[in-house]
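[1] Okay, predicted coordinates and the sequence, questions at the end:
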Protein chains: 4
Amino acid sequence: MDEIIMIASERPELNEPILVEGLPGVGNVGKLAAEHLVDQLKATKFAEIHSKYFPPQVLLDDEGVIRLVSNDLYYARGEGERPDLIILVGDYQGLTPEGQYELSDFMLKVAVDNRVRRVYTLGGYGIGRMVDNPRVLGAATSVQLVEEMKENGVVFSKGEPGSGIVGASGLLLGLGKIRGVEAVCLMGETSGYFVDPKGAEAVLRILSTLLKVEVDFSALQDKAQQIDVITSKLKEAEEPQEKRREDLGYIG
Amino acid sequence: MDEIIMIASERPELNEPILVEGLPGVGNVGKLAAEHLVDQLKATKFAEIHSKYFPPQVLLDDEGVIRLVSNDLYYARGEGERPDLIILVGDYQGLTPEGQYELSDFMLKVAVDNRVRRVYTLGGYGIGRMVDNPRVLGAATSVQLVEEMKENGVVFSKGEPGSGIVGASGLLLGLGKIRGVEAVCLMGETSGYFVDPKGAEAVLRILSTLLKVEVDFSALQDKAQQIDVITSKLKEAEEPQEKRREDLGYIG
Amino acid sequence: MDEIIMIASERPELNEPILVEGLPGVGNVGKLAAEHLVDQLKATKFAEIHSKYFPPQVLLDDEGVIRLVSNDLYYARGEGERPDLIILVGDYQGLTPEGQYELSDFMLKVAVDNRVRRVYTLGGYGIGRMVDNPRVLGAATSVQLVEEMKENGVVFSKGEPGSGIVGASGLLLGLGKIRGVEAVCLMGETSGYFVDPKGAEAVLRILSTLLKVEVDFSALQDKAQQIDVITSKLKEAEEPQEKRREDLGYIG
Amino acid sequence: MDEIIMIASERPELNEPILVEGLPGVGNVGKLAAEHLVDQLKATKFAEIHSKYFPPQVLLDDEGVIRLVSNDLYYARGEGERPDLIILVGDYQGLTPEGQYELSDFMLKVAVDNRVRRVYTLGGYGIGRMVDNPRVLGAATSVQLVEEMKENGVVFSKGEPGSGIVGASGLLLGLGKIRGVEAVCLMGETSGYFVDPKGAEAVLRILSTLLKVEVDFSALQDKAQQIDVITSKLKEAEEPQEKRREDLGYIG
């Protein structure tokens, strides 16, 4: 079989669209943000991408009907200042380095075929501790883009992330730069321990400004609250007994 | 060499056969069930499939004659209401995700070449504890198939299995759906700790109704009893001394 | 680069030669036996095989000159009853299942090109304990070959080896059977813990009878003695103090 | 996408240049040495090599602009006795054996295209303990080269390195020998625990004599001093308390 199979249900005519990528990764920040954008814009799925670089797995819907794991492309037509968008979300990233390169290369070809004029990749930046007000760090294919992003509140901090960006969010920039496609990566700070809707909100707030999209964040905020409840319970449970006794002493 | 090699000893003319797959997996439920079906129907082997996605291994028969590890295709002609069948059994599944995709893709091509009109994949659903009356859970490529299965006693339970279906039993459905081949996965509940003929019997009871096949389950039941003896002995051996003392106390 | 590169320094005209394979494996039994045969017959190297399925590694000779890791083909012309021989030895087996299949397939093609009429693969059969008089177990591509081997002292024991034969020694038989090349695997019993010249001697004694080759085993026996010295020292060192005290008590 | 992509910004006409390779490896000795040579000669980058055998990763510069991980080719024109040079440095070596072979094969083709007349590969030889005056060990594709190296202070010591040379520094020799490209590996002794500028200096001192290059080592020596400070601090921190008490006792 072909290494990558794209099944397109439609070939939308779009006007120099922007590609937004949000695949699973650190804290699932990018995936949550991109999926929320799909919901908010009521974007239309137009293609499914399957590949032997994904796990050999099907997922079940609530009825018991399966679907092969995939990456999916949605589009949303622009309105006023808002540009046409293509949004890439999915179940998995490629399992191997080779798979990562092949899949990102494929996505870029699809982008070029659709005359995409810029790519935004969304991800998380794991910092190993809980964070209340996540910054959104950036990386880009040119100095001009870096400047444009800074004006929109994206943080560029020397040495962060020190190890660069691994996976689709990085490769779409790296391969994009080689192919002359301008691209920006937006990374929401996150502990890296949990799925993090708060990091996703931070990323999406910046992106919605950049794309002139109106976004209602309440659904993401609800999810964030649920996670908060779980993590505080976990914290309590983990807190050593002695520590709590001490606390009581202090209160008393 | 070719990635997959099929050596066919015969090309049977079959009438829109049903393909039944039972390869090694959780509790070997699918493999046991499919092999029992081969035995019961005295099905005829017509093709061997070898692949570099299988382990580089030969197996020995009782005389010391080797055979290269393989997946094998059997056929059994229908009788009365019973349809023509192709049964896929084998020593291994593909070792890598890529191998899994390539092999399932190959099997589906063979199915289409043989005008297969439906695929049943058989597997186990590991639940991490011993189970006396295993349910048979299902997944399918369409809502209509789900309904048909429900009428035949297959359980569709939202969120089960939560992580989807991995391996050939899943991929034949996932790739089948893409290619327009209707397919159903039947999963017998099993602890996942042992080879489980009881789970295999449960799956085969449903399947035999669906296929109008008469099946004598005594051989499977004998195997199940043997496993039961082994597992109870293991349980006794593992039971901590104190626990037994307590028990005596309780009895006393 | 090509997956497998053969550099032949010569193309010997051989008369329906026998191929003997001895690559690294359990106890290096096969490699030791085949290399000893090369030495004894003063066989001539005629081809080197390199492959990206081997480790990316060069080895150094005593002068500091490197050579790329390889599998090597030697030939020895027959004499009297002794047939022409091709002997395959080398530094490594393929690192992956795919590599194993590709390399064995390649070797078989070379064998067929050279009109090889039979293949002997040599290996070890690890039994997890020291053994003084190693048996030589067999496996073959046909019942006739099994019978012929039995007459020559090869042991065929139902269920041994239970897990079949993994690697080149198995695949040359498995793929050979498919291609109509008759092949036998001879496995010398070995602990599996050490390089085992004793196992190699056992295998080579049988093989030398089969091939009508006169073999002087003294070099192998010297190596075996060296290993014996090392292993007895290790045993002493490992023997627990109490055990030895007990022993003294018993003697006293 | 192609397995390996070379993006050349220039095609310099060079006069039978020497290729010097220094990629990451044990103690990063080769990389440090080659990068120092690039700095000292103010060599010009003329090609970037990307590959799916590298990690799927981009790195960020201080401004936040990304670049895809790569291997890079620099050239420096000769002067007087100094020959034209091509220097290969980079972020990573290939991740898999196959990748290693493909990349080294590719580099050799580039070398041949540029009429390279000799290859020097630079690396570290890990000896598992700190070393004050690292020797430079050698390996080469011919006895003549070994002799020439010995005259220039390179140590050839039977059995060192016992396990041969793994990775690009070995493969360029191994594949080079097959293709008729003469090549030498220079290995600076190093503990293998730290990035080791001292080992790099040792290698580069020999190489600079061989290439008639004037090298100012002060930058490497500064780095070495920084590493020394760090390692002595680590040593102190690790030294067990008791040990220090003892020491005091001894002093007292």
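    Now that the structure is in, tell me what you want to look at. Numbers count the residues shown, from 1 in each chain, chains lettered A, B, ... in the order given.
[2] switch to C-alpha atoms for all contacts and neighbour counts from now on
    Will do.
[3] For chain C, what's its nearest residue on chain A.
    Relative to chain C, the nearest point of chain A is A:Thr96 (15.5 Å; Cα to the nearest Cα).
[4] Would you check how far apart that residue and A:Phe54 are?
    Look at A:Thr96 and A:Phe54: by Cα to Cα, to the nearest Å, they are 9 Å apart.
[5] A:Asp62 now?
    Distance, A:Asp62 to A:Phe54, by Cα to Cα: 22 Å.
[6] What ranges does the stretch 101-250 of chain A have for its helices?
    Per DSSP state H, counting those that start in this stretch, the stretch 101-250 of chain A carries helices over the ranges A:143-151, A:168-179, A:197-211, A:218-238, A:241-251.
[7] Just name the most buried of those helices.
    Comparing the helices of the stretch 101-250 of chain A by mean neighbour count (mean count of other Cα atoms under 10 Å in any protein chain shown), helix A:168-179 ranks first with a mean of 25.
[8] check whether that one contacts chain D.
    Yes: remark: helix A:168-179 sits within contact range of chain D at A:Ala168, A:Gly170, A:Leu171, A:Leu173, A:Gly174, A:Leu175, A:Lys177, by Cα under 8 Å from any Cα of the partner chain.
[9] How far does that helix sit from its chain's centre?
    Offset of helix A:168-179 from its chain centre (Cα atoms, centre = their mean, to the nearest Å): 15 Å.
[10] likewise stretch A:155-171?
    The mean C-alpha position of stretch A:155-171 is separated from the chain mean by 14 Å, Cα atoms, centre = their mean.
[11] Do me a favour and get the end-to-end distance for that stretch?
    Stretch A:155-171 end-to-end distance (Cα to Cα) = 20 Å.
[12] swap in stretch A:6-18?
    20 Å.
[13] residue ranges of the strands in chain A, please?
    Assigned by DSSP state E, chain A shows strands spanning A:4-8, A:18-22, A:44-51, A:57-60, A:66-68, A:71-76, A:85-90, A:118-126, A:136-140, A:165-166, A:183-190.
[14] pLDDT below threshold where in chain A?
    A:239-252 (pLDDT under 70).
[15] If we use 50, what do you get?
    Low-confidence segments of chain A (pLDDT under 50): A:242, A:244-252.
[16] Just want the most central residue of it.
    A:Gly30 (1.6 Å; Cα atoms, centre = their mean).
[17] Would you confirm that it contacts A:Pro24?
    Yes: between A:Gly30 and A:Pro24 there is a contact at 6.7 Å, judged by Cα atoms under 8 Å.
[18] contacting residues for A:Leu60?
    Listed by Cα atoms under 8 Å, 6 or more residues apart in numbering or on different chains, the contact set of A:Leu60 reads A:Ile66, A:Arg67, B:Ala139, B:Gly159, B:Pro161, B:Gly162, B:Gly164.
[19] Please say which of A:Asp62 and A:Phe54 ends up with more neighbours.
    The neighbour comparison of A:Asp62 against A:Phe54 (other Cα atoms under 10 Å in any protein chain shown) goes to A:Phe54, with 25 against 11.
[20] Need the phi and psi values for the closest residue to the more buried one other than its chain neighbours.
    Closest residue in space to A:Phe54, ignoring its immediate chain neighbours: A:Gly94 at 5.4 Å, by Cα to Cα, 6 or more residues apart in numbering or on different chains. When quoted as degrees, to the nearest 10, the phi and psi of A:Gly94 stand at phi -60, psi 140.
[21] can you count the residues close to A:Gly94?
    Neighbour number of A:Gly94 under other Cα under 10 Å is 20.
[22] can you tell me how far it sits from A:His50?
    Between A:Gly94 and A:His50 the computed distance is 10 Å (Cα to Cα).
[23] Also A:Val155?
    Taken as Cα to Cα, the span from A:Val155 to A:His50 is 35 Å.
[24] Next: A:Glu160.
    In terms of Cα to Cα, A:Glu160 sits 33 Å off from A:His50.
[25] repeat for A:Lys158
    37 Å.
[26] next one: A:Val20
    Using Cα to Cα, A:Val20 is found at 19 Å from A:His50.
[27] Now for the residue nearest to the centre of chain A: which residues touch it?
    A:Glu21, A:Gly22, A:Leu23, A:Pro24, A:Thr121, A:Leu122, A:Gly123, A:Gly124, A:Met187, A:Ala200, A:Val203 are the contacts of A:Gly30 under Cα under 8 Å, 6+ apart.
[28] farthest-separated two in the residues you listed?
    Farthest-apart pair in the contacts of A:Gly30 is A:Pro24 and A:Val203; separation 14.5 Å (Cα to Cα).
[29] Quick one: name the residues of the stretch 1-150 of chain A near chain D.
    Near chain D, when you scan the stretch 1-150 of chain A using Cα under 8 Å from any Cα, you find A:97-98, A:100-102, A:105, A:138-143, A:146.
[30] Then the stretch 151-252 of chain A?
    Residues of the stretch 151-252 of chain A lying close to chain D (Cα under 8 Å from any Cα) are A:156-159, A:161-168, A:170-171, A:173-175, A:177.
[31] try it again with 6 Å
    Residues of the stretch 151-252 of chain A lying near chain D by Cα under 6 Å from any Cα of the partner chain: A:Phe156, A:Lys158, A:Gly164, A:Ile165, A:Val166, A:Gly167, A:Gly170, A:Gly174.
[32] which two from those residues end up farthest apart in space?
    A:Lys158 and A:Gly167 (20.6 Å).
[33] When these two are compared, which one has more neighbours?
    The residue with more neighbours, out of A:Lys158 and A:Gly167, is A:Gly167; 23 against 12, by other Cα under 10 Å.
[34] which residues touch the nearest residue to the more buried one once chain neighbours are set aside?
    Among residues not flanking A:Gly167 along the chain, D:Pro56 sits closest, at 5.5 Å (Cα to Cα, 6+ apart). Contact analysis of D:Pro56 by Cα atoms under 6 Å, 6 or more residues apart in numbering or on different chains lists A:Pro97, A:Val166, A:Gly167.
[35] Quickly note the distance from the last one to chain B.
    Looking back up the chat, that one is A:Gly167. Distance, A:Gly167 to chain B, using Cα to the nearest Cα, to the nearest Å: 18 Å.
[36] if we can go back for a sec, looking at A:Val20 and A:His50, which one has more neighbours?
    A:Val20 (27 against 22).
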